[in-house]
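sequence unknown, structure follows:
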């Protein structure tokens, strides 16, 4: 899953500037609104909302902004009518990509996403054209310098995790969705600082393209990530070592 982790690291760096942070907050606010609309405004009874709020807090979104997004979802405040759309297709080198979007105008967003794929040398596919290659997983990371590896492995095993892998200066924990909250809570109870935590779509198998193709894939993902409606991206690409070195 190193490709997934590396992309997450890139996104964190991209979000460091005020402009990127503002765009990220807008996306996360929509995510919170959709979660509240789907399952209610009480995070205790709505796991999806708990996850959305955690993401918003990790991005340092102000508390009142989160609360407003929840109220828009529950109808206590007026807001735009959003819908979720999953775009599936292939990028350079046949890399499979999925882009999740939350939009108030599908007729605007769909042609824009299609154009992004085509300009990259890829193409947007039909529903289920690549989603069968992916499964939802819980992915949590902690920094190597802030955790004892044996203690971490013990917590993960005891709480139903699948695997722990070293990725650069991080330990990446993977688990099934139903084990995600238990592992997260156990890490927090043990005083282990979580670097990132999310439920995301992960490819069952990955391909490693040549360096030039990998760079093109990254440019495509970067352009998709910059789109105001795209909230998450998944791919089945594991980047070559020389490209990863360039990203360090």
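Now that the structure is in, tell me what you want to look at. The structure displayed is predicted, hence computed values, not measured ones.

who does the longest strand belonging to the chain touch, helix- and strand-wise?
Longest strand of the chain, by residue count under DSSP state E: strand 134-143. Strand 134-143 sits against helix 2-14, strand 170-175, helix 177-189, strand 196-203, with contacts defined as 3 or more CB pairs under 8 Å, 6 or more residues apart in numbering; DSSP states H and E. In this view, the C-beta of every residue, glycine as well, is placed from N, C-alpha and C.

any stretches of this protein with poor pLDDT?
Counting by pLDDT under 70, the chain has low-confidence residues at 1-20, 247-248.

try 80 this time
Scanning the chain with the threshold set as pLDDT under 80 gives 1-22, 145-146, 167-168, 240-248.

walk me through the domains of the protein.
2-74, 83-132+205-241, 134-203 (automatic domain parsing).

so how far is the longest one off the chain centroid?
It stands for domain 83-132+205-241. Mean-position distance between domain 83-132+205-241 and its chain equals 13 Å (CA atoms, centre = their mean, to the nearest Å).

straight-line length of that domain, end to end?
Domain 83-132+205-241 has an end-to-end distance of 38 Å (criterion: CA to CA, to the nearest Å).

residue 137 bridge partners, please.
Judged by DSSP bridges, the bridge partners of residue 137 are residue 200.

I'd guessed it sits against residue 202; true?
Yes: the pair residue 137 / residue 202 is scored as a contact, 4.4 Å apart, by CB atoms under 8 Å.

between these two, which contacts overlap?
When contacts are counted by CB atoms under 8 Å, 6 or more residues apart in numbering, residue 137 and residue 202 are jointly contacted by residue 174.

can you give me the helices in the chain?
2-14, 18-39, 47-58, 63-74, 106-119, 149-158, 177-189, 211-226, 241-247 (DSSP state H).

tabulate those helices (a markdown table), appending distance to residue 99.
Shown next, in a markdown table, are the helices of the chain (distance: least, CB to CB, whole Å):
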| stretch | distance to residue 99 |
| --- | --- |
| helix 2-14 | 12 |
| helix 18-39 | 12 |
| helix 47-58 | 17 |
| helix 63-74 | 21 |
| helix 106-119 | 6 |
| helix 149-158 | 30 |
| helix 177-189 | 20 |
| helix 211-226 | 5 |
| helix 241-247 | 20 |
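
could I get these as CSV with mean neighbour count?
Formatted as CSV, the helices of the chain follow (neighbours: other CB atoms under 10 Å):
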stretch, mean neighbour count
helix 2-14, 18
helix 18-39, 19
helix 47-58, 19
helix 63-74, 18
helix 106-119, 15
helix 149-158, 14
helix 177-189, 16
helix 211-226, 19
helix 241-247, 13
